[in-house]
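J.: Build me a structure from this.
(4 chains)
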Number of protein chains: 2
Amino acid sequence: MADPPLSRETLLPRLAAHVLEHGLAGASLRPLARAAGTSDRMLIYHFGSKDGLVTALLEHVAGMYASALEMAYPTEPAASRRDCAQRLLAIGRAPMFASFLRLWWEIVAGAATGDAAFRASAAAMMDSQLAWFEAHLPPDDPDPKAGARLVALAVEGALMMDAIGLGEVGEAGLAALEG
Amino acid sequence: MADPPLSRETLLPRLAAHVLEHGLAGASLRPLARAAGTSDRMLIYHFGSKDGLVTALLEHVAGMYASALEMAYPTEPAASRRDCAQRLLAIGRAPMFASFLRLWWEIVAGAATGDAAFRASAAAMMDSQLAWFEAHLPPDDPDPKAGARLVALAVEGALMMDAIGLGEVGEAGLAALEG
DNA sequence: CGCGCTATGTAGCAAGTGCTACAGATAGTC
DNA sequence: GACTATCTGTAGCACTTGCTACATAGCGCG
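T.: Residues are numbered from 1 along each chain as shown, chains lettered A, B, ... in the order given. Just a heads-up that it's a prediction; the model follows:
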């Protein structure tokens, strides 16, 4: 299958794919290496340590997420904040984001412990999302920045409800947004 | 020191305390046992397996959370949904909830993978919270159930922002709530 | 007393963890 | 060709993981 250099850069996408599928919590060197077509030995060689690998991986995932957002749905403008939030929830629920979301909650949990790498990745992903949300607000929104923040809280809250199996609570909550 | 029977029931509070302090992800039998004053051998004896222990522990934590909420602040009624959300965020930020929140995001991450025990615990905790939120809405709220859901989305979103180090985003978002 | 039940300690196992020491291969440079 | 720097495979180490086999204590009951 043509195995060229296998540097950090060629490795990262495969590692990210594995982590998106199997989660970050239980990811250990040997399975990761197998998925990427190398050995644990080489992962340490390229990334210095597992911590280094995880940090690089989190950065990479944040980048992937940003481009996934960029590619996703430049739909016509929403009619209201509520309408906007409901559409964004629907997009977030699309299959292409499912594995991102599973990983997202792991990253949030890691960030909650204070880990710097997790925080950086989470903040980067959230920044992308806030900008993207802002771009999807109704064009006549009185305060797009604040509006995007409110919509982000509500949509993230609803996605969390999805994660814990209470999707309808999220829907009901969004429906109660002003607009 | 009085070390009476040491049954499941006497063990669970100590195990919960350890998990609240050190997290659930890296919790392994031997440290847990040490913290609870037993051996890994006895944990397996009482709970059957680690899965059994985690399940019991999650149930117990959900119960603890419910009583923590019950004890917390029966403040005077809020003036609006926004006011309510801002107060509840302040309460959620209080030190006594910090370790609960760290654990909460771990539970959400576990639930996001589809694990039944994590989902059950998360749903139980969220149900307590929704009821509690509903009780704190302004008494003239037109639709308390929907209002509580909206407030829950926003507050949980804001707490998530806290977890990833973007607390001001949460504050700005809540400030944009109608009210 | 003796029997059986529950509770507990000691040792250990097979698997997996991150990481390292050592050796070799390859390739580019003088 | 000799030397050096980059890359990679093989083995292994010390440790942790969940869990088990075995033995033993204690206690209630006939």
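
J.: Touching, A:Leu58 and A:Ile107? I think so.
T.: Yes - between A:Leu58 and A:Ile107 a contact is recorded at 6.9 Å, counting by CB atoms under 8 Å. Any C-beta I mention is one placed from the backbone N, CA and C, and that applies to glycine too.

J.: hey, what's in contact with both of the two?
T.: Shared between the contact lists of A:Leu58 and A:Ile107 (criterion: CB atoms under 8 Å, 6 or more residues apart in numbering or on different chains) are residues A:Phe118, A:Ser121.

J.: Distance from the lengthiest helix in chain A to the middle of the chain?
T.: Taking DSSP state H as the criterion, chain A has its longest helix at helix A:50-71. Average the C-alpha atoms of helix A:50-71, do the same for its chain, and the two points are 9 Å apart (CA atoms, centre = their mean, to the nearest Å).

J.: is stretch A:100-111 anywhere near chain B?
T.: Yes - for a cut-off given as CB under 8 Å from any CB of the partner chain, stretch A:100-111 has contacts with chain B, namely A:Leu101, A:Arg102, A:Trp105, A:Glu106, A:Ile107, A:Val108, A:Ala109, A:Ala111.

J.: which one of the residues you listed is nearest B:Gly173?
T.: Relative to B:Gly173, the closest of these is A:Val108; by CB to CB it sits at 16.1 Å.

J.: How many residues are close by that closest one?
T.: For A:Val108, the count of nearby residues is 26 (other CB atoms under 10 Å in any protein chain shown).

J.: ok, for it, nearest residue in space, not its chain neighbours?
T.: With CB to CB, 6 or more residues apart in numbering or on different chains as the measure, B:Trp105 is the residue that lies nearest to A:Val108, at 5.1 Å, once sequence neighbours are left out.

J.: Kindly report the same for A:Ala72.
T.: A:Ile91 (6.1 Å).

J.: what sits against that neighbour?
T.: A:Ala72, A:Tyr73, A:Phe97.

J.: Output those residues in TSV, with distance to DNA strand D appended to each entry.
T.: Output for the contacts of A:Ile91, formatted as TSV (distance: CB to the nearest atom of the strand, whole Å):
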residue	distance to DNA strand D
A:Ala72	35
A:Tyr73	39
A:Phe97	31
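
J.: Could you dump those into CSV with distance to B:Leu177, neighbour count and pLDDT added?
T.: CSV is the format used below for the contacts of A:Ile91 (distance: CB to CB, whole Å; neighbours: other CB atoms under 10 Å in any protein chain shown; pLDDT from 0 to 100):
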residue, distance to B:Leu177, neighbour count, pLDDT
A:Ala72, 27, 15, 83
A:Tyr73, 26, 12, 72
A:Phe97, 26, 17, 95
